[in-house]
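> test case, fold it:
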Amino acid sequence: MKRMKRRPTHPGIIIKENYLKPLSITITELASILGVSRKTLSKIINKRVSITTDMALRLSRAFDTTPDLWLNLQKNYDL
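Numbers count the residues shown, from 1 in each chain. Okay, the predicted model is just below:
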């Protein structure tokens, strides 16, 4: 089995690069959609906190993904 040569990407970077920028959504707008504070979302995007199960559920509803996607991204980053 091959080992990964680069460090996995933090879910906050995925949110920023794959959702906020292409959709032209601000952190404040997304925080409102998710029902969390701007500060909470900013901490995730800036890699200061991890994705929790609650946040994974919120993100999955907002972006039509699965909670497992967000939790696996976080798990891979942490490992």
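
> shaky segments in the chain?
When the per-residue scores of the chain are filtered using pLDDT under 70, the ranges that remain are 1, 4.

> where along it do the helices fall?
11-15, 21-23, 27-34, 38-45, 53-63, 67-78 (DSSP state H).

> just checking, which of these sits deepest inside the structure?
Neighbour counts averaged per stretch over these are highest for helix 11-15, at a mean of 21; criterion: mean count of other Cβ atoms under 10 Å. C-beta coordinates here come from the backbone N, C-alpha and C atoms, glycine included.

> which strands and helices lie in contact with that one?
When contacts are defined as 3 or more Cβ pairs under 8 Å, 6 or more residues apart in numbering; DSSP states H and E, helix 11-15 packs onto helix 38-45, helix 67-78.

> chain center to the last one, what's the gap?
Relative to the centre of its chain, helix 67-78 is centred 9 Å away, using Cα atoms, centre = their mean, to the nearest Å.

> taking helix 53-63 as reference, get the angle to that helix.
Between helix 67-78 and helix 53-63, the angle comes out at 120 degrees (axes from the mean of the first three to the mean of the last three Cα atoms, to 10 degrees).

> other residues contacting helix 67-78?
Identification of contacts with helix 67-78 by Cβ atoms under 8 Å, 6 or more residues apart in numbering yields 7-11, 14, 50-51, 53, 55-57, 59-60.

> how long is stretch 34-51 end to end?
This stretch, stretch 34-51, spans 13 Å end to end (Cα to Cα, to the nearest Å).

> quick one on the thing from earlier: biggest separation within the contacts of helix 67-78, which pair?
Farthest apart among the contacts of helix 67-78 by Cβ to Cβ are 7 and 57. That separation is 25.9 Å.

> so how far is residue 2 from the closest residue to residue 74 other than its chain neighbours?
The shortest distance from residue 74 to any residue other than its chain neighbours is 4.2 Å, reached at residue 51 (Cβ to Cβ, 6 or more residues apart in numbering). Per Cβ to Cβ, to the nearest Å, residue 51 is found 26 Å from residue 2.
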